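1. Return atomic coordinates for the entry below.
(2 chains)
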Amino acid sequence: EEQLVEFGGGLVQPGRSLRLSCTASGFTFGDYAMSWFRQAPGKGLEWVGFIRSKAYGETTEYAASVKGRFTISRDDSKSIAYLQMNSLQTEDTAVYFCTRDKHFDAMDVWGQGTTVTVSS
Amino acid sequence: DIQLTQSPSFLSASVGDRVTITCRASQGISSYLAWYQQKPGQSPNLLIYVASTLQSGVPSRFSGSGSGTEFTLTISSLQPEDFATYYCQQLNSYPRTFGQGTKVEIK
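-> From the prediction side, this is the model:
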C-alpha cells in the first residue's frame, strides 16, 4: 500500500523553528516530486511548496507566505521528505500534509497530517 | 496568482440527488484542474485530475468536465458517504491554488 506518514508537529513559540518529516512507503520515493500543504483550523487548503525529484534537480518552489522561512528537502535513501520551518508565526498554525506530487496529474497520495500550533 | 472560485460554497442535498459544483479560474488553466473530497478530520482524497480523469478507485458516479476557465464536478446520484467538502485545485502554474471549498450537507 502506498502510504505517507508525517511526524514532528507540536506546540512551538512564535519565532522558533520546527522540522516536519514525511516518511513514504509502498512506492519508489525517489521517482516522485513531493509537496507540502496546510490547513488552518476551520479553513481551506493552502499549498506550501514542493521539491522535484533528483532527476529534475531536487529544485523547490514555495508559496509567498512561507518563502525565505520554510525549506523543503528530501533524503531518497530513507524515503523521507522534510519541511524545515523557521521564524514561525501564529498564522502558521495548521495541520500540515505531505503528498506525492504527480504534477499535472495532481496529488494522489496524502499523509494523515500533523498539527503545528504556534502560540506563546 | 490564479484565483479559483467555487460555487456554491454550501449545498444541501438528499441521497439520490444529482449534484453539480462549479469552479471558475481567473485565467485559463487548460485542463490542469483536480477535484478533492475531504471529510472532517481526514486528509483530502483525489477524485478527478486533468479536469475529467477519474482517479483509480473512485466511484463512477463522480465525473468532471471543463477546460480553460470553467469546470464542473458532478455527482450523479449522491450517496450517504459523499457528504463532505469538495475542493478544486489548479495545477497549471505556481502557486498551486485551491477553491474555497463546497460543503455538501444532508437535506
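
2. count of residues packed around the closest residue to B:T20 other than its chain neighbours?
-> Excluding its sequence neighbours, the residue lying closest to B:T20 (CB to CB, 6 or more residues apart in numbering or on different chains) is B:T74, at 5.0 Å. C-betas here are computed from N, CA, C, even on glycine. If you count neighbours by other CB atoms under 10 Å in any protein chain shown, B:T74 ends up with 14.

3. Distance check, B:T74 against A:D75.
-> B:T74 sits 42 Å away from A:D75, going by CB to CB, to the nearest Å.

4. now A:S21
-> Look at A:S21 and A:D75: by CB to CB, they are 9 Å apart.

5. quick one on the thing from earlier: work out for me the element the residue nearest to B:T20 sits within.
-> In this assignment (DSSP states H and E), B:T74 forms part of strand B:70-75.

6. ok, the residue nearest to B:T20 - contacts?
-> Contact analysis of B:T74 by CB atoms under 8 Å, 6 or more residues apart in numbering or on different chains lists B:18-21, B:62-65.

7. If you go by neighbour count, which of the residues you listed are buried?
-> B:19, B:21, B:62-64 (16 or more other CB atoms under 10 Å in any protein chain shown).

8. for those residues, which one is nearest chain A?
-> Of all those, chain A sits closest to B:G64, with 11.3 Å by CB to the nearest CB.

9. and that closest one, how far is that from B:Q37?
-> To B:Q37, B:G64 is 12 Å away according to CB to CB.

10. go on, B:S7?
-> Taken as CB to CB, the span from B:S7 to B:Q37 is 17 Å.

11. These two: which has the busier surroundings?
-> In this view B:S7 and B:Q37 are compared by other CB under 10 Å, and B:Q37 has more residues nearby, 22 against 13.

12. So what's the residue count around residue 66?
-> Going with chain A. By the measure other CB under 10 Å, the count of residues near A:V66 is 22.

13. Correction: the question concerned chain B.
-> 19.

14. Looks to me like it is in a strand.
-> Yes. Judged by DSSP: H, G, I helix; E, B strand; the rest coil, B:G66 forms part of a strand.

15. Around chain A, pick out the residues from chain B.
-> Listed as neighbours of chain A in chain B under the rule CB under 8 Å from any CB of the partner chain: B:32, B:34, B:36, B:38, B:42-46, B:49-50, B:53, B:55, B:87, B:89, B:91, B:94-101.

16. Quick check: B:T72 touching B:S65?
-> Yes. Contact between B:T72 and B:S65 holds when scored by CB atoms under 8 Å: they sit 5.3 Å apart.

17. about what we covered before: filter the residues of chain B next to chain A down to the buried ones.
-> B:32, B:34, B:36, B:38, B:43-46, B:49-50, B:55, B:87, B:89, B:91, B:95-101.

18. pLDDT wise, what is the spatially most central residue of chain A at?
-> Per CA atoms, centre = their mean, the C-alpha nearest to the average position across chain A is that of A:W36, at 3.1 Å. pLDDT for A:W36: 98.
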